[in-house]
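Student: Sequence first, predicted model second:
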Amino acid sequence: MRIFALSMVMMCWFSAVAFASAFRMGDQGSEVAEIQGQLASLGYDVAADGDFGPATAEAIKSFQSARGLEPDGLVGPSTYSALMGRSMPQVSRSSNYISRRIVANSMNYIGVPYVFGGTSPSGFDCSGYVRYVFANAGIYLPRTADAQYEVGTPVSRSELVPGDLVFFSTYEYGPSHVGIYLGDGSFINASSSRGVAIDSLYSGYWGSCYIGARRVL
């Protein structure tokens, strides 16, 4: 199990490295606006607002398919060169869009029952729920809470922002439960007692079980 968890962590690390060499959904700035402007000039239905959202990703996929490139929705060196006619500059990234998307998407499953080992909207366990929500935003996490605890950057409770992962020691020592921080001291999680629900990080139970947080965005 430990070898599997470590391999998953490494996969996430390599994915992060790959993403760092491409413009992708969630990125913002003048470089994104320039990409969008070029797409619009080619007839794709996008606005040059500098926010790489779903419409831009779909336009990129269509452009890639038309040019015989892998339609992954990422603007890497090959796609950038084909679209812009020059080498790709250093990527400027922002996680704001993805954070908002994750928080909004997490709310869609409130009330879904807890199922041990569950990984779908028919029933979730804690880490299955977190992994599912993040995967819908294109962020792939390991399967278990203890492996998810090894991913990303540690953050203190006072520095938490929406989209951070919060971890608890519940039925066994170490990170055995995980949720998604929503802001204002609240987090959403798939608990064995209530299914997917919103709880307070500072409640008597969760406050006593809290062991740390990770930022993966």
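Tutor: Looks like it arrived, so ask away.
Student: Quick check: chain neighbours aside, which residue is closest to I35?
Tutor: If the residues on either side of it in the chain are set aside, I35 comes closest to V75, at 6.0 Å by C-beta to C-beta, 6 or more residues apart in numbering. C-betas here are computed from N, CA, C, even on glycine.
Student: ok, the one you found - how many residues close by?
Tutor: Neighbourhood size, V75 [other C-beta atoms under 10 Å]: 28.
Student: residues contacting it?
Tutor: Contacts for V75 were tallied using C-beta atoms under 8 Å, 6 or more residues apart in numbering; they are A22, F23, R24, I35, I60, L83, M88.
Student: Relative to R86, how far out is the fourth one?
Tutor: Spelled out, it's I35. Using C-beta to C-beta, to the nearest Å, I35 is found at 12 Å from R86.
Student: Just want to know which of the two has more residues nearby.
Tutor: I35 (26 against 8).
Student: how near is that one to Y44?
Tutor: In terms of C-beta to C-beta, I35 sits 11 Å off from Y44.
Student: and what of V166?
Tutor: Taken as C-beta to C-beta, the span from V166 to Y44 is 39 Å.
Student: okay, those two: which has more neighbours?
Tutor: Set V166 next to Y44 and count neighbours by other C-beta under 10 Å: V166 wins out with 26 against 17.
Student: Where does the more buried one sit, in terms of helix or strand?
Tutor: Secondary-structure element containing V166, defined by DSSP states H and E: strand 165-168.
Student: what do you get for A190?
Tutor: strand 186-191.
Student: any idea of the mean pLDDT for that strand?
Tutor: For strand 186-191, the mean pLDDT works out to 97.
Student: Show me what it pairs with in its sheet, parallel or antiparallel.
Tutor: Here strand 186-191 has these sheet partners by DSSP bridges: strand 177-183 (antiparallel), strand 195-200 (antiparallel).
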